[in-house]
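predicted model and sequence below, questions to follow.
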Amino acid sequence: MPFDVGQKLDISSQPEMLDATQETQKIEALREKIKEQVDVKFSESLTATEMAEKSISLCRKWLALKQPCHPRMHLLTDCGKKRKSFLYNSVASALEDEKATLLNDTGTLSTKLKEMEGRLSQVHELDQNVEAQNTNLQTHFMEARCNLEHLNENISGMPSITLDKTLTLIVDIHQGHQVPGKRLELQLGAARGGQRRGRRWRARWPGTDSPTGPSLGWPHPTAQYRCRQRRRGSS
């Protein structure tokens, strides 16, 4: 008895609303089943007429099977293309957003670097000013020390009474009781220990060319007098 494919594998009555993936799987299963059945039937001895009928029947069934599947294959192809396009657009959009973020971060970083450079330059200027002031202070301290040492050498041999009178006169000169530029000649008595006998000391108003004025770098006369008074009080 010849095998009739249409009696058992009639797929034209299946619903058209099945999912495309399920339809493809069913078609593949039917194809495998048909192939197995055809192999079994062709293994038997058939006449030429039966072989021709089987071939015609298979061609008809193949055309009937291909006809409903062709639109679905196009639909699957379109879905695949749309899926690839969607993925490509999503990746491209994500890359564009990341690029914009990186550009913004780069601009912010450049601005911060410029601000840091400006602050570093200000700190460098402050450091230079501090170093200059430190150098000036050290110079003033050295000058004051030299002035004190020189003053100590000059007044170490003076009698106490003469020294007090001299300091009083210098204070009066500084306060304006004497005319600026007027020479003040003081005859010094015998120094302590017999030193500097008969030496004359000339004083001039501070700020003029005088051996006892700013050329020697003496400190303020009032400061000298107070320093001497403190020394005498401590002794």
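Everything's here; your move.

got any ranges where the chain has weak pLDDT?
1-20, 38-46, 155-167, 169-235 (pLDDT under 70).

try it again at 90.
1-124, 127-129, 131-235 (pLDDT under 90).

show me where it has helices.
5-8, 20-42, 48-155, 160-175, 221-234 (DSSP state H).

relative to helix 20-42, how tilted is the longest one?
Read that as helix 48-155. Calculated by axes from the mean of the first three to the mean of the last three CA atoms, to 10 degrees, helix 48-155 forms an angle of 140 degrees with helix 20-42.

tabulate the helices of the chain (a markdown table), appending mean neighbour count.
For every residue, glycine as well, the C-beta is placed using N, CA and C. Formatted as a markdown table, the helices of the chain follow (neighbours: other CB atoms under 10 Å):
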| stretch | mean neighbour count |
| --- | --- |
| helix 5-8 | 12 |
| helix 20-42 | 13 |
| helix 48-155 | 11 |
| helix 160-175 | 15 |
| helix 221-234 | 13 |
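
can you give me the distance of Arg145 to Leu151?
11 Å (CB to CB, to the nearest Å).

same question, Val130
31 Å.

check Ser90 too.
On the measure of CB to CB, Ser90 and Leu151 end up 90 Å apart.

over to Leu126?
Counting by CB to CB - Leu126 and Leu151 are separated by 37 Å.

then Pro71?
From Pro71 across to Leu151, the span is 118 Å (CB to CB).

over to Lys26?
120 Å.

how about Thr101?
From Thr101 over to Leu151 (counting by CB to CB), the distance is 74 Å.

over to Gln25?
Applying CB to CB to Gln25 and Leu151 gives a distance of 116 Å.

do the same with Ala100
If you go by CB to CB, the gap between Ala100 and Leu151 works out to 76 Å.

what do you get for Asn136?
In terms of CB to CB, Asn136 sits 22 Å off from Leu151.

ditto for Thr135
Thr135 is 25 Å from Leu151, by CB to CB.

what of Ser85?
Counting by CB to CB - Ser85 and Leu151 are separated by 98 Å.

likewise Leu58?
134 Å.

same question, Ser57
Taking CB to CB, one finds Ser57 at 138 Å from Leu151.

again, but for Glu115
53 Å.
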